[in-house]
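S.K.: Can you look at this prediction? I've put the sequence above it.
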Amino acid sequence: MALRTAPPGRAPRRVLAAPSDSELLERCRAADEDAWNLLVARYERLVFTVALRNGASREDAADITQTTFVALIDSLHRLEDESRLASWLMTVARRQAWRVRSTSRRDLPLETAAATTGEDPYELWDTQTAVHDALAMLGGTCRELLLALYFDPEEPSYADIAADMGRSIGGIGPLRGRCLDRLRSVMAQDGR
């Protein structure tokens, strides 16, 4: 087996390592257009796919992708954990998709919504009522956190929620997990 080398008279091509998300974000903060384009190219397909998998049409997914990157521009100087950029983008895209779906459902008559989604709207209403009842029974910090994460129309970031609750941003995710477990337990006790 022969080892391939560069043709005579030509220097071998150097392979440069791709910049990390942290490096790209830092360059974006300094208004580096090339860094922004690279960041968008790196995550555009992921964001689009998350939107599609959360019920958005292809057209809505394209809008959600654009909205998600606008949110990133707005949050460039507030991002706390740059190593979790992909997770942050997926969360924003997921929330945007949910918002689009809930808005489009509100605009349809109840019978039409049932026909297009294949879901019984009364069952959905019953489920939502059960969740709200369980949240009321849960009370305290968990209720406050879950309402902020899933029901606040302004969709506050983890950083905003952490600041409002007087907690570290790194503690919000684990607390969310524990609170969701408690919510499931309350709902199970109630037979839902």
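M.R.: Looks like it arrived, so ask away. Numbering: from 1, shown residues only.
S.K.: ok, how many other residues are close to Trp88?
M.R.: For Trp88, the neighbour count with other CB atoms under 10 Å is 21. To be clear about C-beta, it is placed using only N, CA and C from the backbone, and glycine gets the same treatment.
S.K.: my bad, Val70
M.R.: Val70 has 11 nearby residues by other CB under 10 Å.
S.K.: Would you mind putting the CA coordinates of stretch 46-60 into PDB?
M.R.: Extracted C-alpha coordinates of stretch 46-60, given in PDB (Å, rounded to 0.1, in the frame of the first residue of the first chain):
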ATOM      1  CA  LEU A  46     -30.700  21.000  13.800                       C
ATOM      2  CA  VAL A  47     -33.000  23.900  14.600                       C
ATOM      3  CA  PHE A  48     -35.100  23.200  11.500                       C
ATOM      4  CA  THR A  49     -35.400  19.500  12.400                       C
ATOM      5  CA  VAL A  50     -36.400  20.200  16.000                       C
ATOM      6  CA  ALA A  51     -39.200  22.500  14.800                       C
ATOM      7  CA  LEU A  52     -40.400  19.800  12.400                       C
ATOM      8  CA  ARG A  53     -40.400  17.100  15.100                       C
ATOM      9  CA  ASN A  54     -42.400  19.300  17.300                       C
ATOM     10  CA  GLY A  55     -45.300  19.500  14.900                       C
ATOM     11  CA  ALA A  56     -44.400  22.500  12.700                       C
ATOM     12  CA  SER A  57     -45.000  22.500   9.000                       C
ATOM     13  CA  ARG A  58     -41.900  23.000   6.700                       C
ATOM     14  CA  GLU A  59     -42.900  26.600   6.200                       C
ATOM     15  CA  ASP A  60     -43.400  27.200   9.900                       C
END
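S.K.: model confidence over it, on average?
M.R.: Over the span of stretch 46-60, the pLDDT mean works out to 89.
S.K.: Quick check: buried residues in it?
M.R.: 47-48, 50-52, 54-56, 60 (16 or more other CB atoms under 10 Å).
S.K.: In CSV, list those along with secondary structure and distance to Ser83.
M.R.: Listed next are these as CSV, based on DSSP: H, G, I helix; E, B strand; the rest coil; distance: CB to CB, whole Å:
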residue, secondary structure, distance to Ser83
Val47, helix, 18
Phe48, helix, 22
Val50, helix, 19
Ala51, helix, 23
Leu52, helix, 26
Asn54, coil, 24
Gly55, coil, 29
Ala56, coil, 27
Asp60, helix, 29
